[in-house]
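**Student:** sequence? don't have it. structure:
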């Protein structure tokens, strides 16, 4: 058993082609059918996050195969996702993997995150100031693209509370803290 439960707030599965007939996820002793939301999309948002305490999440995909006499169901394809792999990606808000032309996205509830990863965040989950962000990550790069004179430098100056965004050559911006 995983020591930390995984809380899933939504699941989204995008498949190549419209041959997918149904998708079901399995975790612990539960099975849950995911509804089709479009030609290539199966998705469900959970009001109460799914709590996964086990080691794996199983995704069962049933595809149709067209023969000359019509469609036929294939045996379910089982995709296993390790809970440890998902937890190792925290504190991201989502986990994404691709398997057999199926993009699987799990939205993670903030309760899945270890306390240390959210300690510097406010009650609403956001960092209150740019200063705290700069203390954690003092150097980073931002690319802002746009035509001349449209306010790229003003955007950077106001967003980060600096006097001026300097540039060293056309197309290259360097931020200097005042």
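**Tutor:** Arrived safely. These numbers were taken from a predicted model, which means no experiment stands behind them. Residues are numbered from 1 along each chain as shown.
**Student:** any low-confidence regions in the chain?
**Tutor:** Where the chain drops to pLDDT under 70, the residues are 1-3, 16-18, 66-73, 91, 110-141, 163-178.
**Student:** can we see that at 90?
**Tutor:** Along the chain, the parts satisfying pLDDT under 90 run over 1-6, 14-22, 37-40, 46-49, 62-77, 84-94, 98-102, 108-178.
**Student:** give me the contacts around stretch 24-31.
**Tutor:** Residues outside stretch 24-31 that contact it (Cβ atoms under 8 Å, 6 or more residues apart in numbering): 11, 32-34, 50, 52-54, 56-60, 76. Glycine gets a C-beta too; all of them are placed from N, C-alpha and C.
**Student:** mind running it again at 7 Å?
**Tutor:** For stretch 24-31, the external contacting residues (Cβ atoms under 7 Å, 6 or more residues apart in numbering) are 11, 32-34, 50, 52-54, 57-60.
**Student:** of those, just the buried ones, ChimeraX syntax please.
**Tutor:** With 16 or more other Cβ atoms under 10 Å as the criterion, this ChimeraX line picks the buried residues out of these:
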select :11,34,50,52,54,57,59,60
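**Student:** tell me the one of the contacts of stretch 24-31 nearest residue 99?
**Tutor:** Using Cβ to Cβ, residue 59 comes nearest to residue 99 of the contacts of stretch 24-31, at 8.0 Å.
**Student:** where does the closest one fall, secondary structure wise?
**Tutor:** In this structure, residue 59 is located in strand 56-67 according to DSSP states H and E.
**Student:** quick one: secondary structure of residue 38?
**Tutor:** Secondary structure for residue 38, judged by DSSP: H, G, I helix; E, B strand; the rest coil, is coil.
**Student:** scratch that, residue 92 is what I was asking about
**Tutor:** Of the three states, residue 92 takes coil under three-state DSSP.
**Student:** could you find the closest non-adjacent residue to it?
**Tutor:** Leaving aside its sequence neighbours, residue 92 sits nearest to residue 108 (Cβ to Cβ, 6 or more residues apart in numbering; 7.2 Å).
**Student:** can you get me a residue count around residue 161?
**Tutor:** Other residues lying near residue 161 total 11 when counted by other Cβ atoms under 10 Å.
**Student:** all helices of this protein, in order?
**Tutor:** Ranges of helices within the chain are 83-88, 115-118, 130-136, 152-160, based on DSSP state H.
**Student:** okay, now residue 64: neighbour count?
**Tutor:** Counted with other Cβ under 10 Å, residues neighbouring residue 64 total 16.
**Student:** hmm, it is touching residue 21, no?
**Tutor:** Yes - in terms of Cβ atoms under 7 Å, residue 64 counts as a neighbour of residue 21; the distance is 5.1 Å.
**Student:** OK, contacts around the closest residue to residue 50 other than its chain neighbours?
**Tutor:** In space, residue 50 comes closest to residue 8 once its chain neighbours are excluded; the distance is 4.4 Å by Cβ to Cβ, 6+ apart. Residues near residue 8 by Cβ under 7 Å, 6+ apart: 46, 49-50, 52, 106-108.
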